[in-house]
Structure formats: C-alpha cells, structure tokens
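Q: sequence plus the predicted model coming up.
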Amino acid sequence: MLEPLGLSSTEERIYDTLVTGPAMTVTELTRQIGIPRARVARAVPVLTAKGLVTRLPGRAARFSAVDPAVAVSALAQHQEQALAQARDRMRELADVFGSRRNGTHPAEQVEIIDGADNVWSTSVRLQHAAAEQIRAFDTPPYLEPHPDQENADERALLSKGVTARCVYARSAVLFPGRYTHIQAAIRSGECARVTASLPMKMMICDSQMALIPVLPVAEAGPSAAYVIYPSSLLDALAALFEAYWDRALPLNLAATSLPGDEQEGRGGVTPADHRILALLAAGATDDAIGRATGRSMRTVQRRIRELMHLVDAQTRFQLGMAATHRRWI
C-alpha cells in the first residue's frame, strides 16, 4: 500500500510492525515478521533515513516508529525532492540526446515502431511531449480502442496551453460516432478543419517529432509507423500539413456556435445548419450528412433547400459560397 511513497514491501512490513507494537531490535523484528535478518538489517537504516523510524538511546540498538502523521509529510517531501532531481536529470539527458541526434547518421533520424499497441502508445507519448503545438491529420482506420470517444490526453494538453490543430478527412467526419468526438475536441479548444481526403494519418509534436504510418491508408497489413526526428523530412511533413490546413474548411463554427440545435444564430442559422453546411462543403452526400447529424436524408434535403432560399442561391455551389461569405462554415 505504501509503495507509491517509495517503500519496499519489507520496509512497509517493518514499519507496520513498529507502529502497532513496541520498540524492537533487528533480531526481535526478524522473529516478529519472519523475514531474513540480513534484509531487516538493510531495511531499518533506510527507514531511519526516510524519517519513518528512529533509534532509541541505549547500548542495544532498538528502533521505534515515528508518528505516521509526522512521517508522511517528511516522506512526501523526500519523494518530491527525488522527483525534482529526476526531472532535472532527464532534462539534461534530453539536451544531450538532442545534440547527439543532430550529429548522427541520417539513417538514425527515422525510427520504426512495429505493432498496433506500440504505435498507439507512441502517439500518446508524442502528445505528452508537446510543449507548444500538436498538428495532426485524422483519417480512418483507427488504432485507438474507442475512436468515437473524446481524447482525454489532448484535453489535458489543451488545458496546459498547448495548441492543437487537426485536419480531418471527410471519411473521419462521417465515421460512426466520430463527429461527436470531434465536437468535444473543438469545445476543449482544438482548431479543426475538414478536407475531402488525406494522403495519410500524421501527428507532429512541436518541431521535434512526427509520427506517420509505414503503409498508405488504403493498404491493409501489419501496423507499423515511422517516427521522424528533426530533419529535412520533418520540415517537409510540416509544410505538407500547412498546405492542407490552408485549403481545408473550418469545422469550429459547426461545433461551437450555439449550445442547442434549435436555437438560431446569425441569419436564422442553427448549429445543426452549420454542421450540414460543413459536411456539404466537404463533399458529403445527403445520405451521409443525414447519418452524421442523426437526420433523415429527406430532412437534410429539405433544410438545404431552405438554406438556399434564405441566401437566394440557385445552386448548392452558390449556397457554399454564401455560407463561406457569411462565416457559417
């Protein structure tokens, strides 16, 4: 139970025994808890150093437990100091690793991650490593267990001030349950855009690492991915993201404009209308829009006609132009 505070099982048993009983020598503790004397003899000085046990005066070395209410504060402080030292050391190692990598052979600028579980855990690691921004391409298929649920790791990042920008393929927006996840991400602060298709899945962490699949999205096969470190290839991937971002259509208004589907916004347009227009602009069919918004195809078609009438548009293309001009999408 006390392992999170840095105690071994032997140390915990000794401390429990001293808390519930009288002061004891190492020999008495050995008989009481049935652990080899050598282990007890090694553990008692450690407990003393951590402030959990104190040695009583006298010729015979007898030990007594320190009040847990007092000891836990000292132990927690000890752990915090150890963690702070470990963080400082890891920062030093990260600086060394980065400088070493800059001078390594080009082949070492790319790492191969094999296996779906390893790829997924690496994507989570990249998110946690971000200090400034995450940029991503999102398109099926998905490795995560529940692609229709909100990404808690991203939400935690956004709460710390990290910027998240994601370009979604039309197939991602129409993936069953995925649109709800996208809306939740946007409400947490993600900047989202949609485009007809994407060449691959991708995640870029700051300007330090990128994760891309080994195989194209359309091909089946064992899950594997490349981790790209600072290089001209990473710069090219960042430029690719920015190019797609610039020509993609924003989804943020469609998810955050108003809290209720029946509440009208500017020009009599509801949040449901924003979603319809965003999906329409992304090239989704009426049937697909209906599935994504929970409406029948006939209801979607009727609402599109009403929106065309609202802006005096003769074609759907004109509706899209008018919606863009009015910042409905």
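A: Done, it's in. Residues are numbered from 1 along each chain as shown.
Q: so where is the protein shaky, pLDDT-wise?
A: Residues of the chain meeting the criterion pLDDT under 70: 1-6, 74-75, 78-79, 94-108, 143-151, 216-222, 252-268, 329.
Q: domain parsing for it?
A: 1-103, 112-252, 257-325 (automatic domain parsing).
Q: and the helices in the chain?
A: Along the chain, counting by DSSP state H, helices occupy 9-20, 26-33, 37-49, 68-102, 116-129, 152-159, 170-173, 178-188, 232-247, 252-256, 271-281, 286-293, 297-310, 316-325.
Q: so which residues make contact with the first one?
A: So that's helix 9-20. Residues outside helix 9-20 that contact it (Cβ atoms under 8 Å, 6 or more residues apart in numbering): 1-3, 7, 24, 29, 32-33, 35, 39-40, 43-44, 46-47, 52-53, 63-65, 68. For glycine as for every other residue, the C-beta is placed from the backbone atoms N, C-alpha and C.
Q: write a ChimeraX command that selects only the buried members of the residues you listed.
A: Only the buried entries of these go into this ChimeraX selection, using 16 or more other Cβ atoms under 10 Å:
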select :2,7,24,29,35,39,40,43,44,46,47,52,53,63,65
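Q: before we move on, back to that, any idea which of the helices of the chain is most buried?
A: Mean neighbour count (mean count of other Cβ atoms under 10 Å) peaks for helix 271-281 among the helices of the chain, with a mean of 24.
Q: so which elements touch that one?
A: Applying 3 or more Cβ pairs under 8 Å, 6 or more residues apart in numbering; DSSP states H and E, one finds that helix 271-281 contacts helix 170-173, strand 191-195, strand 249-250, helix 252-256, helix 286-293, helix 297-310, helix 316-325.
Q: which one of these lies nearest to residue 90?
A: Across these, residue 90 has its closest neighbour in strand 191-195 (30.4 Å, Cβ to Cβ).
Q: could you export that closest one as PDB, CA atoms only?
A: Extracted in PDB, the C-alpha atoms of strand 191-195 (Å, rounded to 0.1, in the frame of the first residue of the first chain):
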ATOM      1  CA  CYS A 191      -8.800  24.100 -34.100                       C
ATOM      2  CA  ALA A 192     -10.400  21.700 -36.600                       C
ATOM      3  CA  ARG A 193     -10.700  21.800 -40.400                       C
ATOM      4  CA  VAL A 194     -12.100  19.300 -42.900                       C
ATOM      5  CA  THR A 195     -11.000  18.300 -46.400                       C
END
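Q: partner strands of that strand, with direction?
A: strand 163-169 (parallel), strand 249-250 (antiparallel) (DSSP bridges).
Q: from the chain's centre, how far out does the first one sit?
A: With Cα atoms, centre = their mean, to the nearest Å as the basis, the distance from the averaged C-alpha position of strand 163-169 to the chain average is 13 Å.
Q: same check, this time on the last one
A: In terms of Cα atoms, centre = their mean, the gap separating the centre of strand 249-250 from the centre of its chain is 23 Å.
Q: swap in stretch 274-293?
A: 28 Å.
Q: and the contacts of that stretch?
A: Residues outside stretch 274-293 that contact it (Cβ under 8 Å, 6+ apart): 170, 173-174, 176, 179, 194-196, 249-251, 253-255, 257, 265, 272, 295-297, 299-301, 303-304, 307, 316, 319-320, 323-324, 328-329.
Q: do that again at 7 Å, thanks
A: Outside stretch 274-293, the residues that touch it by Cβ atoms under 7 Å, 6 or more residues apart in numbering are 170, 173-174, 179, 194-196, 249, 251, 253-254, 257, 272, 296-297, 299-301, 303-304, 316, 320, 323, 328-329.
Q: ok, now how distant is residue 35 from residue 55?
A: Residue 35 sits 19 Å away from residue 55, going by Cβ to Cβ, to the nearest Å.
Q: actually, residue 138.
A: From residue 138 to residue 55 the distance is 61 Å (Cβ to Cβ).
Q: which of the two has more residues huddled nearby?
A: More crowded of residue 138 and residue 55, by other Cβ atoms under 10 Å: residue 138, with 24 against 13.
Q: now do the contacts for that one.
A: 166, 168, 169, 172, 201.
Q: and it, bridged to which residues?
A: Going by DSSP bridges, residue 138 forms beta bridges with residue 168.
Q: same question, residue 63
A: residue 24, residue 55.
Q: wait, isn't it in contact with residue 22?
A: No: in this structure, residue 63 is not within contact of residue 22 by Cβ atoms under 7 Å, at 10.3 Å.
Q: name the residues contacting each of these two.
A: What both residue 63 and residue 22 touch, as defined by Cβ under 7 Å, 6+ apart, is an empty set.
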